[in-house]
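Student: coordinates only, sequence not included:
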């Protein structure tokens, strides 16, 4: 069974799990809030959103909001999730 690495959206800490899904809900070991940890490869693809398609407040958006922008831009598809 393949594993996947998930990233804390707040501090960047990673954790591996023996399954592949878009995100996992967990509390970070670094004391961050209980939140969705996003699969590492999805997080990397979010950065492929062209600057011209990023909203002005891109830097302030949460990982979840950036993922929605990436989906609207066609960088991430439903099948990637």
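Tutor: Received the coordinates, thanks. Just so it is clear, the structure is predicted and the values come from calculations on it, not from any experiment. Numbers count the residues shown, from 1 in each chain.

Student: Please work out how many residues are found near residue 48.
Tutor: 10 (other CB atoms under 10 Å). Heads up, the C-betas are built off the backbone N, CA and C, glycines and all.

Student: host element of it?
Tutor: Under the criterion DSSP states H and E, no helix or strand holds residue 48.

Student: What sits closest to it if chain neighbours are left out?
Tutor: Nearest residue to residue 48, sequence neighbours excluded (CB to CB, 6 or more residues apart in numbering): residue 75, at 4.9 Å.

Student: residues in contact with the one you found?
Tutor: 45-46, 48-49 (CB atoms under 8 Å, 6 or more residues apart in numbering).

Student: Closest one to residue 67 out of the residues you listed, please.
Tutor: Distance to residue 67 across the contacts of residue 75 (CB to CB) is lowest for residue 46, with 5.9 Å.

Student: Residue 64 is in contact with that closest one, correct?
Tutor: No: using CB atoms under 8 Å, residue 46 is not in contact with residue 64, being 10.2 Å away.

Student: which of the two has more neighbours?
Tutor: Remark: of residue 46 and residue 64, residue 46 carries more neighbours, 20 against 12, as counted by other CB under 10 Å.

Student: OK, contacts around residue 9?
Tutor: Taking CB under 8 Å, 6+ apart as the test, what residue 9 contacts is 35-38, 62-64.

Student: Chain neighbours aside, what residue packs nearest to residue 20?
Tutor: Closest residue to residue 20 apart from its sequence neighbours, by CB to CB, 6+ apart: residue 4 at 4.4 Å.

Student: Isn't the one you found up against residue 42?
Tutor: No: between residue 4 and residue 42 there is no contact under CB under 8 Å: 9.7 Å.

Student: Is residue 26 bridged to anything, and to what?
Tutor: residue 35 (DSSP bridges).

Student: which among the contacts of residue 9 end up buried?
Tutor: Among those, those buried by neighbour count (16 or more other CB atoms under 10 Å) are 35-38, 63.

Student: Understood, closing this out.
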